[in-house]
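Q: pasting a predicted model and its sequence here:
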Amino acid sequence: MKCEVYSMNSIEVIKYLESKYPKELAYEWDNVGLQVGSLNRKVKTILVTLDVTKEVINEAVEKKVDLLISHHPLIFKPLTNLSIESPRGWMINKLIKHDITLYSMHTNYDLAEGGMNDVLSKLLGIQNPQLLDTIDGIGRFGEIEPMKMPQFIQKVKETLLIDSVRFIGSLDKVVKVVGISGGSGSNHVGQAKRQNCDVYLTGDVTYHTALDCIQMGLNVIDVGHYAEKVFKDAVKLDLEAVFPEITVISSNVDSNPYITL
């Protein structure tokens with residue numbers, strides 16, 4: 001008699017994720033949660049990625065993935081058509097064709113305890129991280145072992161596996177207090193200054209915000225959005241611990257769209 005191997009539905013994995021990173025935490029403009037497919041899809045293999053691209057979807061098909069989990073949503077705004085001639089339409093069509101469920105955790109993962117900013121804080125050695133922006137509920141700040149600014153910048157690059165950063169401010173500063181906000185952090189520079197951060201690390205600062213930071217004396221390290229790729233391994237390790245019967249893979253074709261020349 002052949003024994004049937006137990007398989008789990010997507011909804012069971014998603015319920016667990018939403019217990020840790022509730023969709024209700026997401027900003028109103030964001031589009032998190034189920035993007036494509038069915039919550040009742042049987043899951044044996046999960047692929048975790050920062051972004052959803054054609055390359056990632058081809059990887060998912062090749063590895064016979066049932067559930068694709070991304071940080072950045074594929075669908076942000078209402079669709080006006082699903083033409084397979086458009087990149088987004090092509091991707092959605094291929095996901096449906098191969099019965100792959102797509103689920104995204106974006107700003108809810110950024111804001112949640114144990115999410116993006118706590119992952120970054122732990123990696124960079126921030127001790128007892130506290131909430132940076134108590135109004136928006138995002139970001140972290142805390143103390144590190146004191147070091148000179150160039151030394152800290154090098155640590156950031158080595159830890160986050162990035163080739164370069166954009167820096168705003170003075171390289172002469174000794175870093176003791178670090179503020180962090182994964183993703184676009186322009187709206188929280190004022191909070192970083194109020195928390196007396198020696199440097200504020202984020203994924204995106206606009207030109208005019210950079211000018212404001214110089215005027216207010218706030219040092220900023222702009223690591224770019226791709227530094228959020230720490231999402232992949234963090235979610236992979238989390239799911240492997242809770243669902244050992246499921247194969248969880250971190251995408252190895254997800255790549256930075258920018259080339260530093």
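A: Sure thing, it's come through.
Q: C-alpha from now on. contacts and neighbour counts both.
A: Noted.
Q: least confident secondary structure element in the protein?
A: Lowest on mean pLDDT, DSSP states H and E among the helices and strands of the chain sits strand 8-9, with a mean of 90.
Q: what distance separates it from the centre of its chain?
A: Strand 8-9 sits 25 Å away from the centroid of its parent chain (Cα atoms, centre = their mean, to the nearest Å).
Q: show me what it is packed up against.
A: On a contact count with 3 or more Cα pairs under 8 Å, 6 or more residues apart in numbering; DSSP states H and E, strand 8-9 meets strand 42-43.
Q: what lines up beside the strand it packs on in the sheet?
A: strand 8-9 (antiparallel) (DSSP bridges).
Q: after the partner strand, next one along is what?
A: helix 10-20 (DSSP states H and E).
Q: hmm, back to that, neighbouring contacts of the least confident helix or strand of the chain?
A: Applying Cα atoms under 8 Å, 6 or more residues apart in numbering, the external contacts of strand 8-9 come out as 39, 40, 41, 42, 43, 44.
Q: stretch 217-234 now?
A: 48-50, 71, 116, 119-120, 153, 160-162, 164-170, 182-184, 189, 192-193, 197-205, 213, 250-251, 255-256.
Q: among those residues, name the buried ones.
A: Using 16 or more other Cα atoms under 10 Å as the burial test, the contacts of stretch 217-234 include 48-50, 71, 116, 119-120, 153, 160, 165, 167-169, 182-183, 189, 192-193, 197-205, 213, 250-251 as buried.
Q: circling back to that earlier point, tell me which of the contacts of stretch 217-234 fall in helices.
A: Among the contacts of stretch 217-234, the ones falling in helices (DSSP state H) are 116, 119, 120, 153, 160, 189, 192, 193, 213.
Q: farthest pair in those?
A: 119 and 213 (25.1 Å; Cα to Cα).
Q: restricted to strands, list the contacts of stretch 217-234.
A: Per DSSP state E, strands hold the following members of the contacts of stretch 217-234: 48-49, 166-168, 182-184, 199-204, 250.
Q: from residue 185, how far out is residue 84?
A: Residue 84 sits 34 Å away from residue 185, going by Cα to Cα, to the nearest Å.
Q: just residue 202 next, same as before
A: 5 Å.
Q: average model confidence for stretch 84-93?
A: In this model, stretch 84-93 has a mean pLDDT of 95.
Q: does residue 136 lie in a helix or a strand, and which?
A: With DSSP H and E as the test, residue 136 turns up in no helix or strand.
Q: the one 4 residues further on too?
A: Under the criterion of DSSP H and E, residue 140 resides in strand 138-148.
Q: packing partners of that strand?
A: Against strand 138-148 (3+ Cα pairs under 8 Å, 6+ apart) you get helix 107-111, helix 116-123, strand 127-133, strand 174-184.
Q: 6 Å - rerun?
A: Here strand 138-148 touches strand 127-133, strand 174-184, going by 3 or more Cα pairs under 6 Å, 6 or more residues apart in numbering; DSSP states H and E.
Q: I'd like those as a markdown table, with distance to residue 100 and mean pLDDT appended.
A: What follows is the helices and strands packed on strand 138-148, written out as a markdown table (distance: least, Cα to Cα, whole Å; pLDDT from 0 to 100):
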| stretch | distance to residue 100 | mean pLDDT |
| --- | --- | --- |
| strand 127-133 | 36 | 96 |
| strand 174-184 | 27 | 96 |
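Q: which of the ones you listed sits closest to residue 17?
A: With Cα to Cα, the closest approach to residue 17 among these belongs to strand 174-184: 19.1 Å.
Q: residues making contact with the closest one?
A: 139-144, 146-149, 192, 197-204, 225 (Cα atoms under 6 Å, 6 or more residues apart in numbering).
Q: how far out from the middle of the chain is that strand?
A: 16 Å.
Q: for stretch 111-123, same thing?
A: 10 Å.
Q: what residues are up against residue 70?
A: Residue 70 makes contact with 48, 49, 50, 51, 104 under the criterion Cα under 6 Å, 6+ apart.
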